[in-house]
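**Q** this is the structure alone, sequence omitted:
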């Protein structure tokens, strides 16, 4: 195994016959140190591949210029687009980002947050895991001084800043669209019953049904999973009995699209003639699917971008408190999968 | 702005009337320290939300149990799948990962590598940016003791460990498939001419044409971009002149699929009747596209998984040198977009 780099400011100081403080000041271009000495220190630091120790400079300066981005997954196009927005804003504000993935596990989220606790980063952007019902791990470090901004999946009980979308209205509008397309047996495929965004979507869906639809299917909220094989089974069970089959579905998770399209192909169910489908999704391929997929398109890039600027405003001292709640509205994009075919 | 957490091992030591060394040993469960004292130290550390300082313990123990994953982007499904494989292996080996994105920029890759240089991580898994023609930034830190494993996009000039796929053979086999489907004007859409994987694909493609095809199109290597709008234009130019249009294309980047499908729709070109398409891609939606997309499917998860175990083998002292080259073969998955329709 190779020898690790252990050059420290102490070693530099010793080699130069200077104090640690002077070396640090020289590296930080302090006017207290002569230009000649600064040059000499920097030259030796470069020769020895010394880069400032983030944590140590953090303790000295209270800043690492690094933001942690904590996400449940990156395969979903919402998160990859949101991270693009975060990257853009972070670059504009001269911050670095490091990304950690919780895999939808509370245990992993806790470990990650704990690791970030001690100065490696200046602030946290987080979209919580499906398992995160309460946020004591987040509250603790937040109360202890770590700024946190939620994006998309927030914790309602925490009053720190949040950038979210209008999930309630979007689900309501999706029902309205399906009712307009003559659907009267409408189901909702849910990926969680605890996440705030899921609860709001379910509430909006239910309100839509009550106000707009003449008929209510029994068991019209169908809980799905994160596993494709399990979802194939759940969706097959939902669709195989033609006498009791929904004629419209609002889908709450992008990853369910493949299961729906594949199960419909297997069962010989035609989209949109026999089943109209609209999905909460940022899938770039929505237009290329057969049939093209109607989506509730979330402003993923914008959500990530705004959340980052909000956090940087706080880190850069431009905000007295970090409590703002920003709502970026989603957009209904109607395509072939939910459009009435006239006979 | 909130006050930052600045609890350090020094503060703990002062509060307890112990030396810094004793506190450190107590936190690390050293048998030199009495059980009572260990409990007392841990209790106070917990009260003050003290977590071990990664960097400091890194200098002491030469380990942070953290691996940096440096990727050009995460929107491409190859990278999101590879990261899933990396996550799985890292968990098995009790390492954390942090992800950094270069956005295909050499300048950003250099900054990231420089930031990782000083002990925050134990090793680096990297897939280089399109702009990275030479790797002095990587060579330097590698020679200085930072273990590096390349996955997928490697630097040929560096003899550290690599986990890649068989790009040469895959491109050759794609040409063979198109020739078998009666294509005789075959083009290659390239995303880079400098990346090792691109060079190998182009070589395999050219060998396939020379050995298997009766006809060679002039300008049969078409350079594309990272921007969708630009690619739409390039592909329109390639396809709009029906007298000189290719009848088969091998596509080197997943993100080009949308442009090809959309341009063909606009120009009224039927896939696969008038143009057969096969793409290097891990797209989960390949089966749901219209027509379903033939792919050269890279073992993305496996590449990430194996690269991580290799790096951990080195970090955990199980390897004397980190030079292995692993090749995980890709798979041709033939679907409707490249299949001959019999008339």
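**A** Thanks, I have it. All values reported here derive from a predicted model rather than from experimental measurement.
**Q** end to end on stretch A:134-153, go ahead and measure it.
**A** End-to-end distance for stretch A:134-153: 13 Å, by C-alpha to C-alpha, to the nearest Å.
**Q** let me see the mean pLDDT of it.
**A** The average pLDDT for stretch A:134-153 rounds to 92.
**Q** list the buried residues for that stretch?
**A** Within stretch A:134-153, the residues that count as buried by 16 or more other C-beta atoms under 10 Å in any protein chain shown are A:135, A:137-138, A:141-142, A:146-153. C-beta: built from backbone N, CA, C; applies to glycine.
**Q** is it possible to export the residues you listed to TSV including secondary structure and distance to residue B:44?
**A** Below are those laid out as TSV (DSSP: H, G, I helix; E, B strand; the rest coil; distance: C-beta to C-beta, whole Å):
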residue	secondary structure	distance to residue B:44
A:135	coil	25
A:137	helix	20
A:138	helix	23
A:141	helix	18
A:142	helix	22
A:146	coil	20
A:147	coil	26
A:148	strand	25
A:149	strand	31
A:150	strand	31
A:151	strand	35
A:152	coil	38
A:153	coil	35
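**Q** distance check, residue A:229 against residue A:189.
**A** 16 Å (C-beta to C-beta, to the nearest Å).
**Q** who has more neighbours out of those two?
**A** Neighbours were counted for residue A:229 and for residue A:189 using other C-beta atoms under 10 Å in any protein chain shown; residue A:189 has more, 24 against 8.
**Q** please, which helix or strand holds that one?
**A** Following DSSP states H and E, one finds residue A:189 within strand A:186-190.
**Q** pull the number of nearby residues for residue A:126.
**A** Counted with other C-beta under 10 Å, residue A:126 comes out at 29.
**Q** for the nearest residue to it once chain neighbours are set aside, what are phi and psi?
**A** The shortest distance from residue A:126 to any non-neighbouring residue, by C-beta to C-beta, 6 or more residues apart in numbering or on different chains, is to residue A:70 (4.3 Å). Here is the backbone geometry of residue A:70 (degrees, to the nearest 10): phi -110, psi 120.
**Q** likewise for the one 3 residues further on?
**A** Its backbone dihedrals place residue A:73 at phi -160, psi 170, with angles given as degrees, to the nearest 10.
**Q** do you know how far it is from residue A:208?
**A** Between residue A:73 and residue A:208 the distance is 28 Å, computed by C-beta to C-beta.
**Q** which one of those two has more residues nearby?
**A** More crowded of residue A:73 and residue A:208, by other C-beta under 10 Å: residue A:208, with 24 against 21.
**Q** does the more buried one touch residue A:174 like I think?
**A** Yes - using C-beta atoms under 8 Å, residue A:208 is in contact with residue A:174, at 7.4 Å.
**Q** ok, now which ones touch the closest residue to chain B within chain A?
**A** Proximity of chain A to chain B (C-beta to the nearest C-beta) peaks at residue A:290, 2.9 Å away. By C-beta atoms under 8 Å, 6 or more residues apart in numbering or on different chains, the contact set of residue A:290 is A:261, B:288-291.
**Q** contact partners of the helix or strand following the strand holding residue A:189?
**A** Sequence-wise, the next helix or strand downstream of strand A:186-190 (DSSP H and E) is helix A:196-212. For helix A:196-212, the external contacting residues (C-beta under 8 Å, 6+ apart) are A:152-156, A:164-165, A:167-176, A:179, A:186, A:188, A:190-193, A:216, A:220-221, A:250, A:252, A:280.
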